[in-house]
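Student: How does the following fold in three dimensions:
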Amino acid sequence: MHVTHLSLADFRSYARVEVPLDPGVTAFVGPNGQGKTNLVEAVGYLATLGSHRVSSDAPLVRMGADRAIIRANVRQGERQQLIELELNPGRANRARVNRSSQVRPRDVLGIVRTVLFAPEDLALVKGDPGERRRFLDELITARSPRMAGVRSDYDRVLKQRNTLLKSAALARRHGGRTMDLSTLDVWDQHLARVGAELLAQRLDLVAAIQPLADKAYEQLAPGGGPVALEYKPSSPELVGHAREELYEQLMAALVETRKQEIERGVTLVGPHRDELLLKLGELPAKGYASHGESWSYALALRLASYDLLRAEGNEPVLVLDDVFAELDTRRRERLAELVAPGEQVLVTAAVDDDVPDVLTGTRFTVSEGTVERV
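Tutor: Got it, this is the predicted structure:
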């Protein structure tokens, strides 16, 4: 699978730009702040409906415009599809596939799949647990696009349940009043049902990606491993793997923590509080790994994601956003050799020398909002 043409209107710094893309390696080269990352960010948005740089859509719309358009032609084998996304901050986004408007934005998930390497990836190792949960959930959705709906349902149920718990906590603090919490049982069931499905998918993913991450780390930093991924649920009682088993365990954990939750006004059990522990040798990578080891670990996670998606069909687009400038010579060369055979590899770099020689292919210069093929 590869993108054959990218068109942007009022996206980030671009009033309008048209970029024809080829299979193989394409490098966008130019000084910082000229719009290179904006191009690959748009490709990533098609795959995830989100940006790797910001948490909302508002910054993606060019200043002075009220909406942004991302349009891409995608080829998979002999099949071609046209995807269009209209970003409307503060309002519902819109989507079209092959000119049909009878689709939701969520329906485009799975048409384009990407694995993106970026400087922000260091947070996978050094950041808080939310970064690692996001990594798992985005990869889950890439494997199974229907999981976008499950994630959305979980967030909705969690928000409703937290609102009820917060109201109960406030009532107790002000005069010792009590609230009718009969609806909490219903929200418990919803949270446990959707949470069990999300949790089961995460556990399956961790088991699948573990050997791939260990292999990738060895390729990037020979003799520096092994690495291990350990999923740590919010409750020690969550030890199952089947959805029904996890549902029963989540229900029991919610009952066990209900008194604490009412006192604190927040949900204390569920996938939103879980952690993915990354180990290097016998120690946790966070806090113990060096800067170079942390980089290798983050890159290994992305390479493992790529290997997993490729093995399951529909090879993803590899995006390397200003990554090589962050790496020492050894890691730069090893990473370049590993990604060079990809069906489509998009690279951004400030100068030509930041693009390893093995990554030969199409090159564009990006300067002051213009994208020109060399």
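Student: What does Arg96 show for phi and psi?
Tutor: phi -140, psi 140 (degrees, to the nearest 10).
Student: Ok, the one 5 residues further on next?
Tutor: Backbone torsions of Ser101, given as degrees, to the nearest 10, read phi -90, psi 0.
Student: repeat for the one 3 residues further on
Tutor: The main-chain torsion angles of Arg104 are listed as degrees, to the nearest 10 and equal phi -100, psi 160.
Student: My read is that it contacts Ala95, right?
Tutor: Yes. Distance between Arg104 and Ala95: 6.3 Å, which falls inside the contact criterion (Cβ atoms under 8 Å). Backbone N, C-alpha and C define where each C-beta goes, glycine included.
Student: Which one's more surrounded, the two?
Tutor: Neighbour tally, Arg104 and Ala95, criterion other Cβ atoms under 10 Å: the higher count belongs to Ala95, 21 against 13.
Student: May I have the beta-bridge partners of the more buried one?
Tutor: Following DSSP bridges, Ala95 is listed with bridge partners Leu85, Val103.
Student: residue contacts, it?
Tutor: Ala95 sits next to 83-86, 103-105, 107-108 when contact means Cβ atoms under 8 Å, 6 or more residues apart in numbering.
Student: Just the buried ones from those, in ChimeraX syntax?
Tutor: Buried subset of those, written as a ChimeraX selection, criterion 16 or more other Cβ atoms under 10 Å:
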select :83,84,85,86,105,107,108
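Student: which one of the contacts of Ala95 sits closest to Pro356?
Tutor: Using Cβ to Cβ, the shortest approach to Pro356 within the contacts of Ala95 belongs to Ile83, at 30.6 Å.
Student: Tell me the spacing between the closest one and Leu39.
Tutor: 16 Å (Cβ to Cβ, to the nearest Å).
Student: list the contacts for the closest residue to Lys166 other than its chain neighbours?
Tutor: On the basis of Cβ to Cβ, 6 or more residues apart in numbering, the spatially nearest residue to Lys166 that is not a chain neighbour turns out to be Gly265, at 4.0 Å. By Cβ under 8 Å, 6+ apart, the contact list for Gly265 reads 162, 165-170.
Student: Please apply the same query to Leu309.
Tutor: 113, 115, 139, 142-143, 315-316.
Student: And the residue nearest the centre of this protein?
Tutor: Nearest to the mean C-alpha position of the chain, by Cα atoms, centre = their mean, lies Glu138 at 3.8 Å.
Student: Now it: which helix or strand?
Tutor: In this assignment (DSSP states H and E), Glu138 forms part of helix 129-143.
Student: got the buried residues for whatever helix or strand comes next after that helix?
Tutor: Per DSSP H and E, the first helix or strand lying C-terminal to helix 129-143 is helix 147-173. Buried residues in helix 147-173, counting neighbours by 16+ other Cβ under 10 Å, are found at 147-148, 150-151, 153-154, 157-158, 161-162, 164-165, 168-169.
Student: After helix 147-173, which helix or strand is next?
Tutor: Counting by DSSP H and E, what follows helix 147-173 is helix 182-220.
Student: so what does that following helix touch, helix or strand wise?
Tutor: Judged by 3 or more Cβ pairs under 8 Å, 6 or more residues apart in numbering; DSSP states H and E, helix 182-220 is in contact with helix 129-143, helix 147-173, strand 227-232, helix 243-264, helix 291-311, helix 329-339.
Student: Relative to Ser51, which of these is closest?
Tutor: That would be, of these and by Cβ to Cβ, helix 129-143, which comes in at 11.7 Å.
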